[in-house]
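Visitor: Quick one: sequence and predicted model below, then my questions.
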Amino acid sequence: MSELKPRILVIEDEAPIRRFLRATLGAHGYEIEEATTARDGLLQAAQHPPDLILLDLTLPDGDGIDVARSIRTWTQLPIVVLSARGQESDKVAALDVGADDYLTKPFGVGELAARIRVALRHAARREPLGSTDAVWEAAEEGRRLRVDLSRRRVTLIENGQETDVRLTPTEFKLLAMLVRHAGKVLTHRQLLVEVWGPPHAGDVQYLRVYAGQLRTKLERDPSQPRFLLTEPGVGYRLVEGT
């Protein structure tokens, strides 16, 4: 990330949206650069990589899905999609090719700023969380959940008491995948392919069963999860660590 103002590349062909983002994000301390076509956006991203990309899906010379896919062939810089296309299939497609998040137009300023902050923090932590010595922690109402990837240990801490959580190998593999991408939505397909392999890419009900088992072991109230959140029709998100 830049040492000065974080730089955001906005790839968007609608002038009113660009003006709105320029004013809004500028007021939040970001430096804004703009591209109005897929070609120009890819060129700017390659020649002068920003800290984050805000990407529209409907561009005059191509689809934003293809732009995200192309960017992911050479960099892991965060991509947040902003689109009027709010269908679940569009969200899944964008996330599957590597977008970090997806907001449907119209969106609130507060939500956009929050999603950008999360994406930037996630990018800054991407290397440590990908290492074998990563430890992720999050808290809710007097309870803290800790996942130590190197020791393959999951602990719940409440009232000063630590309790080890016993997980099956598959449950731990699923949780570890979520920990490495904490704060980011992972699609059903991404999780199924990573944990169970490509032949199981469509076994969404299978994934729901294991997510339910994790919640039973990790959440105070599995019906109202605080750690492992559902993105309806898209996938799951583990809350960002603290």
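Guide: Okay, I see it.
Visitor: what's the least confident helix or strand in the protein, going by average pLDDT?
Guide: helix 109-130 (a mean of 78; mean pLDDT, DSSP states H and E).
Visitor: Beyond it, next helix or strand please.
Guide: Note on helix 109-130: by DSSP states H and E, the next helix or strand toward the C-terminus is strand 135-140.
Visitor: Distance of the spatially most central residue of the chain relative to G241?
Guide: For the chain, K184 is the residue whose C-alpha lies nearest the centre (Cα atoms, centre = their mean; 2.0 Å). Using Cβ to Cβ, to the nearest Å, K184 is found at 12 Å from G241. In this view, the C-beta of every residue, glycine as well, is placed from N, C-alpha and C.
Visitor: still on that earlier bit, helices or strands up against the least confident helix or strand of the chain?
Guide: helix 15-27, strand 52-55, strand 79-83, strand 101-104, helix 169-180 (3 or more Cβ pairs under 8 Å, 6 or more residues apart in numbering; DSSP states H and E).
Visitor: any idea how far H122 is from L9?
Guide: Noted for H122: a distance of 17 Å to L9, by Cβ to Cβ.
Visitor: One more: V97?
Guide: 17 Å.
Visitor: what about those two, which has more around it?
Guide: L9 (23 against 18; other Cβ atoms under 10 Å).
Visitor: Checking the more buried one next. Helix, strand or coil?
Guide: Secondary structure, DSSP: H, G, I helix; E, B strand; the rest coil: L9 is strand.
Visitor: That one and L43 touch, don't they?
Guide: No: the pair L9 and L43 does not pass the contact test of Cβ atoms under 8 Å, sitting 10.6 Å apart.
Visitor: Overlap of the contact sets of the two?
Guide: The contact sets of L9 and L43 overlap at A35 (Cβ atoms under 8 Å, 6 or more residues apart in numbering).
Visitor: ok, H200 - how many residues close by?
Guide: 15.
Visitor: Could you list the domains of the protein?
Guide: What automatic domain parsing lists as the domains of the chain is 7-127, 131-238.
Visitor: Buried deepest among those domains, which one?
Guide: Of all these, domain 7-127 has the most neighbours on average by mean count of other Cβ atoms under 10 Å, namely a mean of 18.
Visitor: Check the offset of that domain from the chain's centre.
Guide: 13 Å (Cα atoms, centre = their mean, to the nearest Å).
Visitor: again, but for stretch 231-241
Guide: Worked out by Cα atoms, centre = their mean, stretch 231-241 lies 8 Å from the chain centre.
Visitor: And for stretch 212-226?
Guide: 21 Å.
Visitor: so what's the backbone phi/psi at the closest residue to E219 other than its chain neighbours?
Guide: Counting by Cβ to Cβ, 6 or more residues apart in numbering, E219 lies nearest to P225, which is 4.8 Å off, once chain neighbours are set aside. The phi and psi torsions at P225 (degrees, to the nearest 10) take the values phi -70, psi 140.
Visitor: wait, P225 sits on K217?
Guide: No: using Cβ under 8 Å, P225 makes no contact with K217, being 11.6 Å away.
Visitor: hang on, isn't the residue nearest to the centre of the chain packed against V239?
Guide: No: the pair K184 / V239 is not scored as a contact, 10.7 Å apart, by Cβ under 8 Å.
Visitor: Where does the prediction get shaky in this structure?
Guide: In the predicted model of the chain, residues 1-3, 125-133 satisfy pLDDT under 70.
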